[in-house]
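Asks: Pasted the sequence and its predicted model underneath.
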Amino acid sequence: MKKKIQLGILFGSRACEHEVSIISALQLASMADPFKYDVIPIYISKKGEWYIGGALWKLETYLNFDPRKSGLTRVFPDLSARSHAFMAFKRGGVFRGERRYAAVRLDAVIPVLHGQHGEDGSVMGMLELMNLPYAATGVAGSAVGMDKIMMKRLFDGCGFPVLADTSMTHSFFEKDREMACLKVEAALPYPVFVKPANLGSSIGVSRAGNRAELITALELAFTLDRRVLIEQGLDDPIEVNSSVLCFDEDVTPSVVEMPVREGTLLDFKTKYLASSQQSGMASLSRLIPAPISEEDTQKVQQTAVDIFKALDCKGVVRVDFMIDRADDSLYITEINTIPGSLAFYLWEKTGEGMSYRALIDRLVDCAFTASQMKERLVTSFQSDIIASAIARRQSGAKGSKG
């Protein structure tokens, strides 16, 4: 009988999108093929503590989180390459103190972390040190994809179409608010959108149509981040999204969707609170496929693939766009390197349809493929540097005696 893959699901963490991550992770865990995988949820609490245990499968566990009452085991990653273990402590008796043991060893990981301390590349760096295969964009691409200011600079440098913008630090804003407003007004016409640089799910995003609204929007954004992006607004844009899947040259775009929104902003409340919370992004009203021309559809899909490759992405991402109704111009809004619900609802409607279970299989496959590619690379170089340094030191010591 073939051994099942020990599949870890990393979720939670110290981020404003903590609860969104929980919903996405439990969706994924429940859909993985039980004949192929032993799924091990690994929850990172709001305090930054890591836990495993059966109670993590229940949504009620997270309401008033108490690891002791829930019977959870606190773990921490063993960063030794190829250990793939998450360790725990066990009391060894009155006089023996505590002993460390491997609570679980994993074959692969799917990170389902939204926002800081996870999606920003920090956890990917840890997984790289562990040499543990994972289905998510690497350190550099994740970091750039999380930081809206750096992301836009990269997109602009690559020649991708982006809206005009400017950026600002909290220190600059607090030093002279009038000067800060003048900086924005010199760069952009109203309306503008103000966004914290390192948050997702539209948290802290505001539309400003005049100076008073701009100050209010900046005050809100700076409570969430030290840096903010201020971006040109469009009067009546069409919002469309496409997902991209896999790794390296084996890359496929999904069908294009059009989220349905009311008002001028698809905000956190619309995305997650106005619909079924247990369904996350999957419950948002949307038109699939998006009612746009075939030419625009192909342009969105190809640009999404190009962005995926430019950031050397891996796994599944979602790229968000806006089309200006006035002249049909296409603009990139952002890339989500770990999208809500892992964008499974788009893959279900792509081509002949890919079930969430099949999507998970593809994610695990690309995690193993990327890891195998890395294993083939030379990571050490044998040289005589240390031996030569010792010889020179010894030679110098002998010479001094003469």
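Replies: Noted; the coordinates are in hand.
Asks: any low-confidence regions in the stretch 251-400 of the chain?
Replies: Within the stretch 251-400 of the chain, the stretches with pLDDT under 70 are 262-284, 397-400.
Asks: Strands along that one, start to end?
Replies: Assigned by DSSP state E, counting those that start in this stretch, the strands in the stretch 251-400 of the chain fall at 286-287, 314-324, 330-336.
Asks: what angle separates the last one from strand 314-324?
Replies: Calculated by axes from the mean of the first three to the mean of the last three C-alpha atoms, to 10 degrees, strand 330-336 forms an angle of 150 degrees with strand 314-324.
Asks: Give me the residues contacting strand 330-336.
Replies: Here strand 330-336 makes contact (C-beta atoms under 8 Å, 6 or more residues apart in numbering) with 145, 148, 151, 155, 160-163, 200, 234, 237, 239, 296, 299-300, 303, 307-308, 311, 313, 317-324. Backbone N, C-alpha and C define where each C-beta goes, glycine included.
Asks: Output that strand as CSV - backbone C-alpha positions only.
Replies: Extracted in CSV, the C-alpha atoms of strand 330-336 (Å, rounded to 0.1, in the frame of the first residue of the first chain):
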residue,chain,number,x,y,z
LEU,A,330,-6.2,47.7,-19.1
TYR,A,331,-4.4,48.3,-15.8
ILE,A,332,-3.0,45.9,-13.2
THR,A,333,-4.3,46.5,-9.7
GLU,A,334,-2.2,43.9,-7.8
ILE,A,335,-1.1,40.3,-7.5
ASN,A,336,-2.3,38.1,-4.7
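Asks: which of the contacts of strand 330-336 are buried?
Replies: Neighbour-count burial (16 or more other C-beta atoms under 10 Å) is assigned, among the contacts of strand 330-336, to 145, 148, 151, 155, 160, 162-163, 200, 234, 237, 239, 296, 299-300, 303, 307-308, 311, 313, 317-323.
Asks: Which of those fall in helices?
Replies: 145, 148, 151, 155, 296, 299-300, 303, 307-308 (DSSP state H).
Asks: Which single one of those residues is nearest to residue 206?
Replies: Within these, proximity to residue 206 (C-beta to C-beta) peaks at residue 148, which comes in at 14.0 Å.
Asks: isn't the closest one right next to residue 198, touching?
Replies: Yes: taking contacts as C-beta atoms under 8 Å, residue 148 lies within contact range of residue 198: 7.3 Å.
Asks: Stretch 373-393: how far from the chain's middle?
Replies: Relative to the centre of its chain, stretch 373-393 is centred 35 Å away, using C-alpha atoms, centre = their mean, to the nearest Å.
Asks: Residues contacting it, please?
Replies: With C-beta under 8 Å, 6+ apart as the criterion, stretch 373-393 contacts residue 248.
Asks: Where is the longest helix in the protein?
Replies: Longest helix of the chain, by residue count under DSSP H: helix 356-375.
Asks: The regular element (helix or strand) spanning residue 43: which residues count as buried?
Replies: Assigned by DSSP states H and E, residue 43 belongs to strand 37-44. Residues 37, 39-44 are the ones in strand 37-44 that count as buried (16+ other C-beta under 10 Å).
Asks: Tell me which two of those sit farthest apart.
Replies: Top of the distance list for the buried residues of strand 37-44 (C-beta to C-beta): 37 and 44, 20.5 Å.
Asks: Point to the residue nearest the middle of the chain.
Replies: Taking C-alpha atoms, centre = their mean, the centroid of the chain lies closest to residue 119, which sits 3.1 Å from it.
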